[in-house]
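Novice: structural data only, the sequence is not supplied:
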């Protein structure tokens, strides 16, 4: 198959591309703007594959998106391009509105016009797969509640509101125009190549540098953690075996308080990279003022994707977090290139 992937230089997008190139014969066109969070170093191991191409472009650029469809002629679109950091959305929501809402609209229109040019057989096999987040559902009050595919939307942050808007656009384009779409909503991802502003890599790198480990509030916010390579497998299974018009929730079955996550990382680092000052890394934990509108608990019911498509996560949180910490210890050069900004001096892309 020919798969157009937006945001393929990001954390989840790069994991999806690595999975496809390493495990299938599919051709991939990676369309990425290369904002601060886009890092081609995450694709270094597959960038020379004959099945991989890269195009640096903004999904808000209608002409560029039309050209991408016309030249590559995809059978599948996997739309992952998005601004995704909640704190940044609070400080500056405009980019989130532009990329996540306007960008999704622009991509949908390019896909729709391209799809309408296809013959009936190719129209019948075309899929627009929109990858979203569980944050669109808001948060859960009771400890027994779970997000299902029919849970009402109640986004709390500019980020989650922009993703909720994009979800609605995708479903509207399916309902109104008949565009074949699928939506997936995932829980918190973690794993190799995660940008250091996010909780887990931030804690790892700060700890190694002897810097404070900031934890919002009391650290009792609960998230369901999903290893990114498990997510990549799930996304490929959905786009190749899922049903048009459906939504699938993807979760890791790993509910943890943020403070538990931080302390687990500290314990692993104590063993693998003992502190030189003799003090456990946990002593670096620093509680800071909670962010505005902070959701208390996310938890996904992933029974639909398990029952209908046979997907389950392979990694427990214990195995996944151990692999993640070890990866960062083994790839500090990648981390330093992100931290000092040198990763941004990347080539502008490969033509068709």
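Specialist: Great, that's in hand. Small disclaimer: the values here were computed from a predicted structure and weren't measured. Numbers count the residues shown, from 1 in each chain.
Novice: in stretch 101-116, what's buried?
Specialist: Using 16 or more other CB atoms under 10 Å as the test for burial, stretch 101-116 gives 101-111, 114-115. C-beta here means a position set from N, CA and C on the backbone, and glycine is covered the same way.
Novice: contacting residues around it?
Specialist: Stretch 101-116 is contacted from outside by 6, 58-62, 65-66, 68-70, 77, 79, 81-82, 123, 126, 128, 130, 162, 165-166, 169-170, 173, 177, 179-180, using CB atoms under 8 Å, 6 or more residues apart in numbering.
Novice: check stretch 197-208 too.
Specialist: Under the criterion CB under 8 Å, 6+ apart, residues 11, 85, 87-88, 190, 194-196, 212-214, 258, 261-262, 265-266, 269, 273, 281, 284, 321, 324-325, 328, 332, 335, 339 lie in contact with stretch 197-208.
Novice: pLDDT on it, on average?
Specialist: In this model, stretch 197-208 has a mean pLDDT of 92.
Novice: just stretch 265-273 next, same as before
Specialist: In this model, stretch 265-273 carries a mean pLDDT of 98.
Novice: and the helix or strand hosting residue 336, average pLDDT?
Specialist: In the assignment (DSSP states H and E), residue 336 maps to helix 332-339. Along helix 332-339, the predicted local confidence has a mean pLDDT of 86.
Novice: check which helices and strands that helix sits against.
Specialist: When contacts are defined as 3 or more CB pairs under 8 Å, 6 or more residues apart in numbering; DSSP states H and E, helix 332-339 packs onto helix 199-208.
Novice: quick one: contacts of the next helix or strand after the helix it packs on?
Specialist: Where DSSP H and E defines the elements, the next helix or strand beyond helix 199-208 is strand 213-216. Counting by CB under 8 Å, 6+ apart, strand 213-216 makes contact with 202-203, 206-207, 258-259, 262, 266, 281, 284-291, 294, all of which sit outside it.
Novice: repeat for stretch 283-294
Specialist: For stretch 283-294, contacts defined as CB under 8 Å, 6+ apart pick out 86-87, 90, 156-157, 206-207, 210-219, 221, 259, 262-263, 266.
Novice: try it again at 6 Å.
Specialist: 156-157, 212-217 (CB atoms under 6 Å, 6 or more residues apart in numbering).
Novice: and the end-to-end length of it?
Specialist: The first residue of stretch 283-294 is 25 Å away from its last residue (CA to CA, to the nearest Å).
Novice: how about it: buried residues?
Specialist: Of all the residues in stretch 283-294, those buried under the rule 16+ other CB under 10 Å are 284-285.
Novice: residue 213 and residue 258, how far apart?
Specialist: As judged by CB to CB, to the nearest Å, residue 213 and residue 258 stand 11 Å apart.
Novice: ok, back up a step: buried residues in the helix holding residue 336, which are they?
Specialist: For helix 332-339, the buried set under the neighbour-count rule, 16+ other CB under 10 Å, comprises 334-335, 337-338.
Novice: one more: stretch 241-250?
Specialist: Buried residues in stretch 241-250, counted by 16+ other CB under 10 Å: 242, 247-250.
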